[in-house]
Structure formats: structure tokens, C-alpha cells
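Asks: Take this sequence and fold it.
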Amino acid sequence: MPVKGEIQRWRLIVSGVVQGVGFRPFVYRQAVKFGVQGWVRNNSAGVEIEIEAASDKLENFRHNLPTECPALAVIHKIKTSQIPPLGETGFKICASGDGADKSALILPDIAVCSDCVGEIFAPGNRRYGYPFTNCTNCGPRFSIITGIPYDRKRTTMDKFPMCGRCREEYENPADRRFHAQPIACPDCGPQIALRDKSGKVIADRNEALLQAAEAVRHGGILALKGLGGYQLIIDARNEDALRRLRSKKRRPHKPLAMMFPDFSAIERRCEVSALEAAVLLSAQSPIVLLKAREGKIDIAYGVSCGNPYWGVMLPYTPLHHLLMRELGFPVVATSGNLAEEPMCLEENEALKRLAGMADCFLTHDRPIARVLDDSVVREAGERMMMLRRARGYSPLPIDIPQEIPSALAVGAEQKNTIAFSRGNKIFLSQHLGDLENGEAFDAFKNTIRDFQSLYGFKPGLTVKDLHPDYLSTKFADKLSLYAAAVQHHHAHILACLADNGESGEMLGAAWDGSGYGEDGTVWGGEFLQVDGKSFKRLAHLRQFRLPGGEKAVREPRRCALGMLFELYGEDLFRSKDLPILRSFTSQELEILQKMLNSEVNSPLTSSAGRLFDGAAALLGLCSIASFEGQAAMELEFAAEKAVSEEVYPFKLMKKDSTIVIDWQPSIESLIGEKDEVPVSARKFHNTMAEIVKTIALRTGAKKLALSGGCFQNRLLLEETIKRLKSGGITPLWHRQVPPNDGGIALGQAIYAGNLPKDAQ
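Replies: Sure thing, here's the model as predicted:
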């Protein structure tokens, strides 16, 4: 036991989110407060501190670290060891140490704080109107970091030497910018410029901002270089501008995200819960899906094309704040790309890829280290659920209870993310997009190299999807590492369990559009009893054929046709009473009939997503979709207009040891009854939720995990949660990672931890 008052020296290694959050300045102030001597520095594992003083002072110092640390900091562990005293006086912040263990956590980009916003709008302040204002409490992190530990020389700000006044702030322990690595001002920092389509600079600094705003005000399309890539900005009230943007972006109906000048502008137009308001105003500042208020509004129809939910966000950088203050009205702020491509990062790329879309380019000279799209969340089940994980959240890891080997998980084909595992943490990348797009596949490969470089990851194995034709699977097969394959829906359930801090054996419902099944058919309406290393398929939806394969995904009417052919066979094509048949020409029906009869290019599926698509087509809501999920969304929005607890009938059949859920009675009721469309849509949702409850009760499950893209549907999810709870079953659903394929890499990484030791 140390003698009270005895002079000792301790070395503290602090791990967690402790770089880029003002942790070293905080440590400095604590040292002064408690009268301890020594130093603090970043290293590749976190923050290293050596302190020397009487033992009781050292104890007080260490006790206060986790209780009084900065709001954005998260301390995971403090490792303490005693070392010989040096008789040191004073306390200082030292240059960072490198080290081999690159385990320090990188902070996501943080929305500009209220103090900095106040400065850019204060005429007497030296940062008045400066679009790169930041401090220790806010600003870019992941989008500018090039190495660990986090220091200015390892960021894209390295090319901007600090001026004398910024250096004074940086070195002043009492200043809000003490050791703020991206510190800058108009005299020494990055600058904006407005360029025309040829790349010629037509204005700079404040004049560039004013002319950019004027272009938007008059119906122009502005390409703005933001935090993690280019955005396309237009007046959200201007229908003509929207038609131009949609045509050029090749996005005819999919809703577009909007940025509002301030929170009150959102409240006037949207229903906002307390939880939604807190997330909108948070340091993460994601896009939040909000219900639009009914009645006369000034937002153009073309923003959402009738979708009652709007993707809404607030300005999160000083540049956004300055532009939105100048405009004073909502704008569309969508990613600067063609449909399914990643965002453009730099000027030359943007001028090449966006020249046919944008009228002018508001650029700047701070390089972007990596592409970062906006995150998307929505409230569901009285908590927020992630739909796209990127800016504000990536690359913080997911903590898991057990330690797992170092592995690379390459994710799925669509909504791809990759993951690396280390110890009890899984580092999930930002959203990368759909890999069949060449630019997205390049981003996928670049991100793997990026994470290996940043963190020094050296995976011992890779984990891939079971689908042999996924580009991510083929990539894994070419690596000189053991590649383990995990079934798509097994990965979904493992991701949901990890997202909820659960492990062990459990039942899960994995409902999505498609996943390669072990029998070679397309799965997607599965009930799996899983543990970390294996699963048993306990139940699934009755299968039907998809005439045209992938084309049926884009044409829900084909899903409906496949469903009806499963029920009625050849008699379907002799029917005179089914409106769905009238959506095809006689020639199309002849070709589709031959496909279904011969089983050529008509894969079998058990997909819940395709069942939703088919139901939407049968109700006349969507026959041909212009974006993924459109039919199911139309069905959800129709159902929200009705109030009903009724369910359609369905049957459970036994096939070998598996339960097959027969939806024939449900579909026959849906097309045979004369309910209003919203009532039919609501009853269909109720039925699907009741199916989940029925299987859970039938199998004796106490808990049930809900994963897959279908559970992005808020009505389905909340109705399922309600019915499960009424049956005494605890539902688990996603929060930190998306239920869609953006969470697959997490499940794959969990699978890696349960492989036999010789595979690891």
C-alpha cells in the first residue's frame, strides 16, 4: 500500500475515444488542478500520461479522468503502472509517439459547435464568415486523418502552416483551440472558390459564397465540395430545378435529402419527436427521416414524389451554415454522383463526372482523405435505427463481449461496408455503395487498403458471403488468406445480436430481398436458429418463381405474376378477372408464361421483400419501380392511412423438419376482398407481423432477432415488436448498424470469431 503523501510516478495508458476530442488539453488542466507533474501525449494506442506527485494527488487525478473528461471522449480502459520518480517539475503536452500498435480509436467528423457558429456570424470576430472554423470540440476528423496518432502532420491540414495567431491559440491551455489539430483562420487556412463548368475560377472567398447562393436562388444546380465529398445543391421549392436535377442524376422518383437553415424551419414543415430533435441537433447531425406535416407547404412535390417521409438535416459545417444563412430557405442536398456511384472527392474528378449536372462548383483546397456520405437514421420502436452508417458515426468500432481473431469481412454486394476485427472490437467502414458499380468497387478496394494502413490491420483470414458471384466474394477468393463463407441471412442475424450485445443460440427472422441459400435458391423470408458458427433453417416463406430473375426486382408486377403462377399454374393466364395481367402486353405475357413453364431464368425465392413487392403490385400501387424498395415503400405508406388490427389467414405446413409458411390464403384474401387499398395494405402488414409471432411461439423462442432490409419498414417493425411483446417474446432489432446489407460485414466478422482454431 502506498504511503499517503509519498512521491510516486505513474504511467497511465488510456484507451478509447481519446484522440481528437480535446483529451490532452483536458489532462493538462487536470494536472494543473491537482498539482501533479509530468506530461501527456498521443500514441498509436490512445493517450499516454506520466504523472508525478504525492500518491493521494495521483489517485485523485486518475479518479477524475473518466468522471470529468470531455463530452465527446469515451474511456474504455486506464492501464496504470508505477515507475521510478524523476523529480520532474511542471506539466506539458509532448509530441506524439508513433509505436507499432495502432489501436487508438479515430473519431468521426463532428458537426460544428455553437461557439464556432457564433464566431462565423460575429462581424468583429477574426473568423467572421470563415467556412473552415473549428475548435477542439468540433470539426473534421475521419475525413482528414491520414495516420495514427492524430496530429496535424497526419491530416490533410498538414499543407497549411499555422499563422502566429492560430499558433498562440493552439499552444494556450486556456483557449478553446488548445491542440485543435484542424485549427485555421482566413490568414492561414483553406479557402473556397467558385468555378464554372470548365474549372475556371470566377470568384473566391466570400464573393464565391455569394455568387454560389445567387446561382441556387435562380434555379441553378450547385456542386459543393463538402466534408466527405461533393454534394449537389438546389432550391427545394423549385420544381423546374428538381426536374433538371433528377434527369441529370438519373434518379426519377427516389426521395432526395434536404438541408434546412435551422431547426425552426424543420419544425414548421415536419412532425418532430423529442428523440428526433435530439438527433438532428446532435454532434453526429445525420439525415433523419421525418413525417411531413399535412397541409399547404412550400416544398416542391419533386423532392419526395409523394413520399410522406422526408430525409432532413441541419447544416453541419461552417460552409453549410454560411450558405444556408445567405439563402434562408430549404435546399436539396444530395450526393454528388450518378445513381449508385460514390461521391466525387476532388476538383478534377468532380469537373469530369459532374460537369453534365452542375452549373457551377463551390470548391475548396482542403483535401478530403476518404469519401464519406451522410448517415441516415429514423425513429422506430421508440429508439433511433441506423439506415446508412457513415459521417458522424464511422469509423467508431462495435464493441462485442468476446475477443475474436483478426479478420477481414468483405460484406455484401449492395450497400456494402467492410469490417476488420481486433480483440473485442469490430471496425465497420462507412457506407460504400453497390459494388456492381465500378467506382463503388474501387472505393471498396481503396477502403480495405485505407483501414489496413490507418490501423495496421493484418488479417489472418477473410470472411465472405456464400454467393459465388458477389464481387466482394470474388475479391476475397483472390487474397492469399483462408476465406470462410457465411450464409447471407446467418450474417444478418449475427449482426443483429452483436448490435444488441447478445450472443449464444437464438432465433432470428431475416427478411430481405435476396440472399444466396444453401440449396442454391434465393432466400429472403427465413427463420434461423443460430449460434456463432452454424444455423438451422427452422421455417421460411413458401417459395415462388421470379420470371426474368433480376428484372423482377425492378418490376414488382413480375413478382405478383410469379406468386400467382405458384398458386394457379397455367390457369393464371386464362383468367379474365386479374387486373395485374392487364399491366403486361400479350407478347410479354406469352414470353413470361414460357419462362415460368420451363423454369428458365425464373429462380425460386422465399423472399419476404419480393412478397411485399408482389402485394404492392396486386393492389395497383407499383408495377414498375425506378429505385430499390419503391414498391414496398408505397405499400407501407398506404397502410399507414388505415387503422386495423385484422390479419389475413395463412397456413403452416411441414416439409421434412422445416416449417413452410403458406401465404396463399393471405394473397387470395387480399385480391378477393373488396377493402379499400389502405385497409388491405394494413392487413397485409399485420399478417406478416403475426407470422413472425406465430413462428416464435411455435418454436418456444424467448427472444427473437429481427434483421434484413424488410425491417427498415417502420410499420412492419413496430407491429412485429408489439405482437412479439404481447406473446411474451423479447424482440431485438438494430440500432448502431443498419438492418439492411450495410450490417452484413459485422455479422461476417462475428462468424470469424467462432471458426475452428485451425481456420483462424
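Asks: just the helices in the stretch 251-400 of the chain please.
Replies: Applying DSSP state H, counting those that start in this stretch to the stretch 251-400 of the chain gives helices spanning 263-267, 274-280, 318-327, 347-353.
Asks: Buried ones in the shortest one, by neighbour count?
Replies: Buried residues in helix 263-267, counting neighbours by 16 or more other Cβ atoms under 10 Å, are found at 265-266. Just so you know, the C-beta spots here come from the backbone N, C-alpha and C atoms, and that holds for glycine as well.
Asks: Relative to the whole chain's centre, how far out is it?
Replies: 24 Å (Cα atoms, centre = their mean, to the nearest Å).
Asks: Can you pull out the residues in contact with stretch 156-169?
Replies: Residues outside stretch 156-169 that contact it (Cβ atoms under 8 Å, 6 or more residues apart in numbering): 126, 144, 146, 152, 170, 175-178, 180-185, 187-190, 366-369.
Asks: ChimeraX command to pick out the buried ones of those?
Replies: The ChimeraX selection below is limited to those of the contacts of stretch 156-169 classed as buried (16+ other Cβ under 10 Å):
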select :144,146,152,170,175,176,177,178,180,181,182,183,184,185,189,190,366,367,368,369
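Asks: Now do L72, the pLDDT please.
Replies: Per-residue pLDDT puts L72 at 79.
Asks: OK, contacts around the residue nearest to P401 when sequence neighbours are not counted?
Replies: Excluding its sequence neighbours, the residue lying closest to P401 (Cβ to Cβ, 6 or more residues apart in numbering) is S503, at 5.8 Å. By Cβ under 8 Å, 6+ apart, the contact list for S503 reads 400-402, 497, 532.
Asks: Narrow these to those in helices?
Replies: Judged by DSSP state H, helices contain the following of these: L497.
Asks: Which element, helix or strand, includes L652?
Replies: L652 is part of strand 651-655, with elements assigned from DSSP states H and E.
Asks: what's the offset of that strand from the middle of its chain?
Replies: Strand 651-655 sits 37 Å away from the centroid of its parent chain (Cα atoms, centre = their mean).
Asks: Give the pairing partners of it; include direction for each.
Replies: According to DSSP bridges, strand 651-655 forms sheet pairs with strand 658-662 (antiparallel).
Asks: Per-residue pLDDT of the nearest residue to L716 once chain neighbours are set aside, please?
Replies: Closest residue to L716 in three dimensions, ignoring its sequence neighbours and counting by Cβ to Cβ, 6+ apart: H685, at 5.5 Å. What the model reports as pLDDT for H685 is 98.
Asks: Quick check: buried residues in the strand or helix carrying H685?
Replies: Using DSSP H and E, the element containing H685 is helix 677-699. Neighbour-count burial for helix 677-699, counted by 16+ other Cβ under 10 Å, picks out 677-696.
Asks: quick one: it to strand 651-655, angle?
Replies: Per axes from the mean of the first three to the mean of the last three Cα atoms, to 10 degrees, the angle that helix 677-699 makes with strand 651-655 is 40 degrees.
Asks: Which stretches in the stretch 401-550 of the chain count as helices?
Replies: Using DSSP H, counting those that start in this stretch, helices in the stretch 401-550 of the chain cover 438-455, 471-478, 488-499, 550-554.
Asks: gap between A560 and S575?
Replies: Noted for A560: a distance of 13 Å to S575, by Cβ to Cβ, to the nearest Å.
Asks: got it, and S247?
Replies: Applying Cβ to Cβ to S247 and S575 gives a distance of 39 Å.
Asks: pLDDT averaged over stretch 154-170, what's the number?
Replies: Stretch 154-170 shows a mean pLDDT of 96.
Asks: again but with stretch 198-205, I slipped
Replies: 95.
Asks: Give me the distance from it to the chain's centre.
Replies: 34 Å.
Asks: what's the span of it from first residue to last?
Replies: Distance across stretch 198-205, first residue to last, is 19 Å (Cα to Cα, to the nearest Å).
Asks: Same question for that stretch: list its buried residues.
Replies: Within stretch 198-205, judged by 16+ other Cβ under 10 Å, the buried ones are A203.
Asks: residues making contact with it?
Replies: 186, 191-196, 210-211, 347-348, 351, 360-361.
Asks: Of the contacts of stretch 156-169, which belong to helices?
Replies: Short answer: the contacts of stretch 156-169 in helices (DSSP H) are Y170.
Asks: Just the ones of the contacts of stretch 156-169 in strands?
Replies: Using DSSP state E, no member of the contacts of stretch 156-169 falls in strands.
Asks: In the worst-scoring helix or strand of the chain on mean pLDDT, which residues are buried?
Replies: Every helix and strand in the chain was compared by mean pLDDT, DSSP states H and E; the lowest is strand 398-404, with a mean of 87. Within strand 398-404, the residues scored as buried using 16+ other Cβ under 10 Å are 398, 400, 404.
Asks: quick one, it and helix 488-499 angle?
Replies: Interaxial angle, strand 398-404 versus helix 488-499 (the same axes, to 10 degrees): 110 degrees.
Asks: Quick one: distance of strand 398-404 to the chain centre.
Replies: So, by Cα atoms, centre = their mean, the centroid of strand 398-404 is 20 Å from its chain's centroid.
Asks: let's number from 8 now, not from 1
Replies: Yep, numbering from 8; the last one is strand 405-411 now.
Asks: For it, name the packing helices and strands.
Replies: Applying 3 or more Cβ pairs under 8 Å, 6 or more residues apart in numbering; DSSP states H and E, one finds that strand 405-411 contacts strand 426-435, helix 495-506, helix 751-759.
Asks: ok so, going back, could you identify which of the helices of the stretch 258-407 of the chain is most buried?
Replies: The highest mean neighbour count among these, using mean count of other Cβ atoms under 10 Å, belongs to helix 325-334: a mean of 22.
Asks: got the CA coordinates for it in CSV?
Replies: Taking C-alpha atoms only, helix 325-334 is exported to CSV below (Å, rounded to 0.1, in the frame of the first residue of the first chain):
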residue,chain,number,x,y,z
PRO,A,325,-19.4,26.3,-41.2
LEU,A,326,-19.6,26.4,-45.0
HIS,A,327,-23.2,24.9,-44.9
HIS,A,328,-24.2,27.4,-42.2
LEU,A,329,-22.9,30.4,-44.2
LEU,A,330,-24.6,29.2,-47.4
MET,A,331,-27.9,28.4,-45.6
ARG,A,332,-27.9,31.8,-43.8
GLU,A,333,-27.4,33.5,-47.1
LEU,A,334,-30.2,31.6,-48.8
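Asks: That one - contacts with which helices or strands?
Replies: Under the contact definition 3+ Cβ pairs under 8 Å, 6+ apart, helix 325-334 sits against helix 121-127, helix 212-224, strand 367-371.
Asks: Would you convert these into a markdown table that also reports distance to G146?
Replies: Formatted as a markdown table, the helices and strands packed on helix 325-334 follow (distance: least, Cβ to Cβ, whole Å):
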| stretch | distance to G146 |
| --- | --- |
| helix 121-127 | 8 |
| helix 212-224 | 19 |
| strand 367-371 | 14 |
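Asks: Which parts of this structure belong to which domain?
Replies: 14-100, 199-371, 404-507+742-767, 546-741 (automatic domain parsing).
Asks: just to revisit the earlier point, figure out which of the helices of the stretch 258-407 of the chain is closest to C120.
Replies: C120 sits nearest to helix 325-334 of all the helices of the stretch 258-407 of the chain, at 10.3 Å, using Cβ to Cβ.
Asks: circling back: tell me which of the helices and strands packed on helix 325-334 is the most buried.
Replies: strand 367-371 (a mean of 24).
Asks: quick one on the thing from earlier: can you check which of the helices and strands packed on helix 325-334 gets nearest to D578?
Replies: helix 212-224 (57.4 Å).
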